[in-house]
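J.: here is a sequence with its predicted model. Questions after.
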Amino acid sequence: METAKDIMKPMRSFKWIACFALATTVFAMQDGITIRRELKEGVTDKYKIESEVKQYIEIPSMGEQDLVISQVATVVLKTISVNAEKGIADIEATTKVEKSETTGSISSMMGETATKLPDAKTEKGTLDSRNRLVIASDAKATPSNGGAMAMGLPGMGAAGAQSLLSLVELPEKPMKVGETTEVAIPNSGGMASAGIKDLKMTMKFVGEKVVDGQTLLVFSVSGVMKMDVDPSKTPGAPQSPMGAMKMSGTANISGEGLVDKATGKTISNTMTVKNNLTVLAEQIGMELPVKGTVVTKISLVK
């Protein structure tokens, strides 16, 4: 006949197994996690990109004037083939500008009006398991800005997937909660022509959260970029009626990205840029202080 002591023996064993499993989990968390994007042939993802630019310009004898540019676009990303050994996929990206609107007192002064939206743009490139997107250059491509923008600010019509689709770059090495690493954006997402090159930002692994039953990894980014913009040196770039408009100054960047823990896909990525610039209007020989924000959010469409 089993005694109480005999019954307790296996229960003690289960207790030790549970403790061992817990200790193993804690150790794994302390050791950090490595996350990679799952690449599958034939998979299509659609992202919505929302952008709002608000700029406030101090003009002598006129006071502060504003310029607001609101734009919405979509990028459909299709995986054509996958090289599992290299962890890279050939992709096709189709970008379509859905909305572009310019308002504010500066827009009125410049005579900015609604223009025809650019045609959808399809490009080929690669995507790797760390969410790094590289669009192949097209030697036959011609500059396009999708309609002039006041102050020489580029619109979405000039951009393709490389510029618009800011996926969360997954860390190269394992990261623990609270750790940081440096991420670089080669040519700053296609903005090299605007004088913004090799922007480096600090990425922090904030932790995990569950949304609608989906476990998401939370990453924050921060950084400062220096701007030295001269549209006159960029063929096809929109030009201001006031002549060459050169910009210089700095911009502070902050953002938060959410990544699906199971697949490594970017679920959303929100970036806020606060700028403090000086604009030189050569034709009228005037320097204008410009401050404002640019908020861009990409979201995976379910």
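T.: Thanks, I have the structure now. These numbers were taken from a predicted model, which means no experiment stands behind them.
J.: can you give me the end-to-end span of stretch 79-91?
T.: End-to-end distance for stretch 79-91: 5 Å, by CA to CA, to the nearest Å.
J.: where do the helices of the stretch 151-300 of the chain begin and end?
T.: 161-164, 187-190 (DSSP state H, counting those that start in this stretch).
J.: tell me where the stretch 1-150 of the chain is predicted with low confidence.
T.: 1-31, 110-115, 137-150 (pLDDT under 70).
J.: the stretch 151-300 of the chain now?
T.: Using pLDDT under 70, the stretch 151-300 of the chain drops low at 151-159, 185-198, 231-244, 283-284.
J.: kindly list the longest strand within this protein.
T.: Ordering each strand of the chain by length in residues (DSSP state E) puts strand 63-83 first.
J.: what residues sit buried inside stretch 268-286?
T.: By neighbour count with 16 or more other CB atoms under 10 Å, stretch 268-286 contains the buried residues Ser268, Asn269, Thr270, Met271, Val273, Asn275, Leu277, Val279, Leu280, Ala281. All C-beta spots, glycine's among them, are computed from the backbone N, C-alpha and C.
J.: dig out what the second one forms beta bridges with.
T.: When bridges are assigned using DSSP bridges, the partners listed for Asn269 are Gly257, Ile298.
J.: that one and Val301, how far apart?
T.: 14 Å (CB to CB, to the nearest Å).
J.: for the first one, same thing?
T.: Between Ser268 and Val301 the computed distance is 11 Å (CB to CB).
J.: hey, what's the residue nearest to Thr44 when sequence neighbours are not counted bridged with?
T.: Spatial nearest neighbour of Thr44, excluding adjacent residues (CB to CB, 6 or more residues apart in numbering): Lys78 at 4.7 Å. For Lys78, the beta-bridge partners under DSSP bridges are Thr44, Glu92.
J.: how about the helices in the stretch 1-150 of the chain?
T.: Ranges of helices within the stretch 1-150 of the chain are 4-31, 105-110, based on DSSP H, counting those that start in this stretch.
J.: which ones are touching Lys261?
T.: Ile35, Glu208, Thr215, Leu216, Leu217 (CB atoms under 8 Å, 6 or more residues apart in numbering).
J.: now tabulate these in CSV and tack on distance to Ile135 and neighbour count.
T.: As requested, the contacts of Lys261 are exported to CSV (distance: CB to CB, whole Å; neighbours: other CB atoms under 10 Å):
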residue, distance to Ile135, neighbour count
Ile35, 23, 21
Glu208, 31, 14
Thr215, 30, 12
Leu216, 27, 19
Leu217, 26, 22
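J.: closest to Ala262 among these?
T.: Ala262 lies nearest to Thr215 out of those, by CB to CB, at 7.0 Å.
J.: what distance do you get for that closest one to Thr263?
T.: Distance from Thr215 to Thr263, by CB to CB: 11 Å.
J.: contacts only, for the closest residue in space to Gly249 that isn't next to it in sequence.
T.: The shortest distance from Gly249 to any non-neighbouring residue, by CB to CB, 6+ apart, is to Leu277 (3.6 Å). Counting by CB under 8 Å, 6+ apart, Leu277 touches Met227, Met247, Ser248, Gly249, Thr250, Ala251, Pro289, Val290, Lys291.
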